[in-house]
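Asks: please work out how this folds:
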Amino acid sequence: MQLEIRPDPTEVGRARRWARSRLSGLGIGADEPLAETLVLLVSELVTNAVVHTGRPAVLRLSLPGKAPGAGAGPAPAAAGPGSGPADATGAAAPVASATVRLEVADTSSRAPVPRCAGGDATGGRGLALVDCLADRWGWHPEGSGKSIWCELDRCSQSREGATPAYGGGPAAYEDFAFEAV
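Replies: Residues are numbered from 1 along each chain as shown. Modelled structure (predicted):
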């Protein structure tokens, strides 16, 4: 499923509301840590796209239980272990373990680049947050632009002690931040 984003900072709030509604429809509660983290990641990646490119973007979510071909966007990968069986209405049952993938594609071909953000800076920490909060993240060229993606695993185990994607943890980013452009 996907949402077209206009190059306007007010679109960030719309993207958060859209993501919340999609999660809610799949039985992932708004107060569940996965939902809170995902909405923060949506906010960071959409903000980067609209602020740093000034161009339209596309927000995509691949969620557990989404039937291939349903809705707009590319069909998700085949269901694997941990995918819940469909109920009588054909909707997927909530699962204890699954992966949620978030992507923001824009038309800027510039790769995400690290930058330092001073202690008083009001921005410049978005991708450092993504690195600390997501289970995995990266980027790849897409058409004439790029797509920045991250994944969150929904599991019944605590994420405490999880290794950040680049192994540094929050302290590694004290004076270092990333900017997606």
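
Asks: tell me the SS of A35?
Replies: Here A35 is recorded as helix under DSSP: H, G, I helix; E, B strand; the rest coil.

Asks: could you pull out the buried residues of stretch 142-156?
Replies: Residues of stretch 142-156 classed as buried by neighbour count (16 or more other CB atoms under 10 Å): E142, G145, K146, S147, I148, W149, C150, E151, L152, D153, R154. Just so you know, the C-beta spots here come from the backbone N, C-alpha and C atoms, and that holds for glycine as well.

Asks: pretty sure the second one contacts A105?
Replies: I take that to be G145. Yes. Counting by CB atoms under 8 Å, A105 is a contact partner of G145 at 6.3 Å.

Asks: and the buried residues of stretch 142-156, which two are furthest apart?
Replies: The widest separation within the buried residues of stretch 142-156, taken as CB to CB, falls between G145 and R154 and amounts to 29.0 Å.

Asks: the chain: helices as residue ranges?
Replies: Per DSSP state H, the chain carries helices over the ranges 11-25, 33-53, 126-133.

Asks: give me whichever of these is most buried.
Replies: Among these, helix 126-133 has the highest mean neighbour count (mean count of other CB atoms under 10 Å), at a mean of 22.

Asks: contacting residues around the residue nearest to G143 when sequence neighbours are not counted?
Replies: Among residues not flanking G143 along the chain, T107 sits closest, at 7.5 Å (CB to CB, 6 or more residues apart in numbering). The contact partners of T107, taken as CB atoms under 8 Å, 6 or more residues apart in numbering, are T53, R55, P56, A57, G143, S144, G145.

Asks: what's around the second one, how many residues?
Replies: By the measure other CB atoms under 10 Å, the count of residues near R55 is 14.

Asks: ok, it touching R110?
Replies: No. With contact defined as CB under 8 Å, R55 does not count as touching R110 (11.3 Å).

Asks: wait, R60 sits on I5?
Replies: No. Using CB under 8 Å, R60 is not in contact with I5, being 10.6 Å away.

Asks: next, show the common contact partners of the two.
Replies: Looking at what touches both R60 and I5 (by CB under 8 Å, 6+ apart), the common residues are V104.
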